[in-house]
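1. one predicted model, sequence on top.
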Amino acid sequence: MQVTKDEARWTLPTDPYMSSSATVDQAWSQVQASCMHERGHSSFKVRFDASAPAPQTLAADGFSQVFNEQVAAKYGYRQAPDARDLLADEVAASGGSLYANESADFQSDLGECATEADTELNGGVEPTYSAADAASGSITDQLNQLHVDTASSELSSAAKAWRTCMAPLGISDLPQTPWDPNGRPPDSLVDEWGWQSTGQASADEIRVATADAACRRSSGWFDRYYDAGWSQREAFVSQHLGDLEPIRLDMEAKRARAEKILAKGDS
């Protein structure tokens, strides 16, 4: 399946085989909520709304994070709020779990309703772990373990230029290469800002992140890192297409079932 190269959205040739689907997330949440309501838990809420816009910091695969000049100027090193997550504020206010203090019966129903949602999204068959699943998991594991070799001559040269560009910021524990957008800033910055992956970035975090993004651009890091990842994953897809296609078809079938669930709920 052809993927258009787009560094701003960080598209990659492997996206069709590992993308997260907001439509599936909403359908899953809707089935679970309906199940909970049938069991008397009327206050249980649907969590996702696939019609809302995805956050600016979300990559095309649906779960990785993007970092560039625009993101840095607005969010620093943090994830943008996700308007699709209807309960994000409630979850944050609860310390990460809305239902930790609910009864044992509620927890049991919650688990059973999650299984019901899994089953319905799986086409009416309760999920199992067959030999085919194991084989699929193997190629998925390989896919998840793909990492760009930052020790290559091109990236080493870009990293050296990036460090020189970053030197005026005086970051005591500046790493040898730019850190991954899915990771954490250096510990000194985490401590100074009380950094978390979400929330409002301070003016100083915005200042550092904006300078960092400019250095990643001027050093060639952004373009070289993206191109290296693209080439690596393009080769992986070409080599393993026979193993990857069943995964893509299964994901498409699951999205189609999710759309039917949502259409039924809207009727």
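-> Received it, and whenever you're ready, just let me know what you need.

2. could you measure from Ser202 over to Gly194?
-> For Ser202, the distance to Gly194 (C-beta to C-beta, to the nearest Å) stands at 9 Å. For glycine as for every other residue, the C-beta is placed from the backbone atoms N, C-alpha and C.

3. who has more neighbours, these two?
-> Ranked by neighbour count (other C-beta atoms under 10 Å), Ser202 and Gly194 place Ser202 first, with 14 against 9.

4. identify the residue spatially nearest to that one, adjacent ones excluded.
-> Trp193 (5.7 Å; C-beta to C-beta, 6 or more residues apart in numbering).

5. wait, that neighbour sits on Ala203?
-> No - here Trp193 does not reach Ala203: they are 10.4 Å apart, not a contact under C-beta atoms under 8 Å.

6. okay, those two: which has more neighbours?
-> Each of Trp193 and Ala203 has its neighbours counted (other C-beta under 10 Å); Trp193 has more, 17 against 8.

7. where's the closest residue to Phe44 other than its chain neighbours, which helix or strand?
-> Closest residue to Phe44 apart from its sequence neighbours, by C-beta to C-beta, 6+ apart: Met36 at 3.9 Å. Using DSSP states H and E, Met36 sits within helix 22-38.

8. any buried residues in the helix or strand following that helix, and which?
-> Moving toward the C-terminus from helix 22-38, the next helix or strand (DSSP H and E) is helix 69-75. Within helix 69-75, the residues that count as buried by 16 or more other C-beta atoms under 10 Å are Glu69, Val71, Ala72, Tyr75.

9. tally of neighbours for the residue nearest to Phe44?
-> 21.

10. helix/strand/coil for the closest residue to Gln56 other than its chain neighbours?
-> Leaving out its chain neighbours, the residue that sits closest to Gln56 by C-beta to C-beta, 6+ apart is Ala80, at 4.8 Å. Three-state assignment for Ala80 (DSSP: H, G, I helix; E, B strand; the rest coil): coil.

11. which residues touch Ala80?
-> Pro55, Gln56, Thr57, Leu58, Val71, Lys74 (C-beta atoms under 8 Å, 6 or more residues apart in numbering).

12. please identify which pair of those lies farthest apart.
-> Leu58 and Lys74 (13.5 Å; C-beta to C-beta).
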